[in-house]
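Colleague: next come a sequence and a model predicted from it.
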Amino acid sequence: MTPKGEDEIKFVFFQKSRLNELAQIRLEDQRQRVDQFSQGGLEMRIYKRILVFIFVAGLLMVQANRLISQEKFSVLTGKVLGIRMRMWLDVESEKDKAIVNFRIGRKTVYTSQRYPYVGEKVKVEYLTQRGVPIAYSVTILEGAKTPQETAPPRSTK
């Protein structure tokens, strides 16, 4: 071999060894990045767990406050004046003859399992929320005449 050929071989060998060193440096750099990422990922998981725990604890505290702040039901006895749109029950109080409009809904419990008729005496258990009395149970005490009995007689021709 000529000295020139040996120089070329040494140069090629040097290039390959240099490329191997660069590849190893890149590989180590990537491993360090992966290690840093995995450590950051662990921290993020811990923060997520803490955040979820705080959120659940907050929800439980809100529910507990709702239960604690609930008052005893107020009771009103009176005569039914009407039901509007199946959302409002109008009752005239026995004590002071004041008309009270109660909010009713699908959670309102009726002891006779029906809406009261106009003129029936009822006992309403309610809570006031945001200034609106909301009826939770309606008990029919004295029945008025049923709608068929109070309907005007039909004219026969």
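Modeller: That came in fine, so what should we check first?
Colleague: strands of this structure, residue ranges please.
Modeller: All strands of the chain, identified by DSSP state E, fall at 74-84, 88-93, 99-103, 109-110, 121-129, 132-142.
Colleague: which residues sit against the third one?
Modeller: The contact list for strand 99-103 (Cβ atoms under 8 Å, 6 or more residues apart in numbering) reads 76, 78, 81, 87-93, 124, 126, 132-135. C-beta: built from backbone N, CA, C; applies to glycine.
Colleague: how about a cut-off of 6 Å?
Modeller: In this structure, residues lying in contact with strand 99-103 by Cβ atoms under 6 Å, 6 or more residues apart in numbering are 88-92, 124, 126, 132-135.
Colleague: for the last one, same thing?
Modeller: Strand 132-142 has contacts (Cβ under 6 Å, 6+ apart) with 89, 102-104, 108-112, 116, 120-127.
Colleague: which one of the contacts of strand 99-103 is nearest to Val56?
Modeller: Closest approach between the contacts of strand 99-103 and Val56, by Cβ to Cβ: Ile134, at 28.7 Å.
Colleague: identify the bridge partners of that closest one.
Modeller: Taking DSSP bridges as the rule, Ile134 bridges to Arg103, Leu127.
Colleague: residues near it, how many?
Modeller: Neighbours of Ile134 under the rule other Cβ atoms under 10 Å: 15.
Colleague: and it, how far is that from Ser74?
Modeller: Separation of Ile134 from Ser74 (Cβ to Cβ, to the nearest Å) stands at 11 Å.
Colleague: tell me, what's touching those two both at once?
Modeller: Tyr126.
Colleague: center of the protein - which residue?
Modeller: The chain has Leu59 as the residue nearest its centroid, 9.4 Å off, counting by Cα atoms, centre = their mean.
Colleague: OK, contacts around that one?
Modeller: Counting by Cβ under 6 Å, 6+ apart, Leu59 has no contacts.
Colleague: can you pull the pLDDT of it?
Modeller: You'll see Leu59 listed with a pLDDT of 90.
Colleague: cool, and the one 5 residues further on?
Modeller: The predicted local confidence for Ala64 comes out at a pLDDT of 80.
Colleague: what count of nearby residues applies to it?
Modeller: 10.
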